[in-house]
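K.L.:
let me see the structure of the following:
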Amino acid sequence: MNQNNNRWKQRFSEFQKALKSLEKALMVKDPDEIYRAGIIQYFEMTFELAWKSLKDYLFEQGFDPKTPRQTIQQAFRSEIIEDGHVWIDALEMRNMIAHTYDENHAKDVEKLIRNNYFSFLKALEAYFLKKL
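P.N.:
Numbers count the residues shown, from 1 in each chain. Down below sits the predicted model:
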C-alpha cells in the first residue's frame, strides 16, 4: 500500500471519530447556547476532515484539487457526493460562522446541520466504508 493510499484512510479514520462526536452532540434535541456552540464546533471540525478526506482520496484517483471548493466540485463530477450545491452551501456557511457569532444565526446554523448537513456527512462515510 502506498503512502497516498494510507493518507486518505488515516484522514478518513479521523473524520469518522469527529462524525461520531457530532452525532452524539446532535442527540440533544433542545441545546442551550453553550451546547449549540459545541455542535457548531464539531460540525466545523467534521466538515474540515470531510473535505480533506475527499481531497486525499481524489489525489489517489489521479486528481489534484487545491481548495475545498475545487475538491467538492471534483468529488461531485466523480460521483462521490450527490449534491454539490449542499456541500458548497455548507462550505460557505462554515467560512461565515468562523468569523461572526450571533445567537439567532447560531440557531439557524444548528438547524441546517441537523436537517441538511449531517446526512451528507453520513453519506460520505458510507461511500468511504465501501472503498476500504
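K.L.:
spatially central residue in the chain, please.
P.N.:
With the centre of the chain defined as its mean C-alpha position, the nearest residue by Cα atoms, centre = their mean is Phe47, 2.5 Å away.
K.L.:
what about that residue, which helix or strand?
P.N.:
Phe47 is part of helix 33-60 when elements are defined by DSSP states H and E.
K.L.:
ok now stretch 80-93, how far from the chain's centre?
P.N.:
When distances are taken as Cα atoms, centre = their mean, to the nearest Å, stretch 80-93 is centred 9 Å away from the chain's centroid.
K.L.:
i'd like the first residue to be 493 from this point on
P.N.:
Got it, the first residue is 493 from now on, which makes the last one we talked about stretch 572-585.
K.L.:
pull the CA atoms of it into PDB?
P.N.:
Output of stretch 572-585 as PDB, limited to C-alpha atoms (Å, rounded to 0.1, in the frame of the first residue of the first chain):
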ATOM      1  CA  ILE A 572     -18.500  10.600  -4.900                       C
ATOM      2  CA  ILE A 573     -21.000  13.100  -3.500                       C
ATOM      3  CA  GLU A 574     -24.600  13.500  -4.800                       C
ATOM      4  CA  ASP A 575     -25.400  17.200  -4.100                       C
ATOM      5  CA  GLY A 576     -22.500  19.500  -4.800                       C
ATOM      6  CA  HIS A 577     -24.700  22.600  -4.000                       C
ATOM      7  CA  VAL A 578     -25.400  21.500  -0.500                       C
ATOM      8  CA  TRP A 579     -21.700  20.900   0.100                       C
ATOM      9  CA  ILE A 580     -20.800  24.400  -1.300                       C
ATOM     10  CA  ASP A 581     -23.500  25.900   0.900                       C
ATOM     11  CA  ALA A 582     -22.100  24.100   3.900                       C
ATOM     12  CA  LEU A 583     -18.600  25.400   3.000                       C
ATOM     13  CA  GLU A 584     -19.800  29.000   2.700                       C
ATOM     14  CA  MET A 585     -21.700  28.700   5.900                       C
END
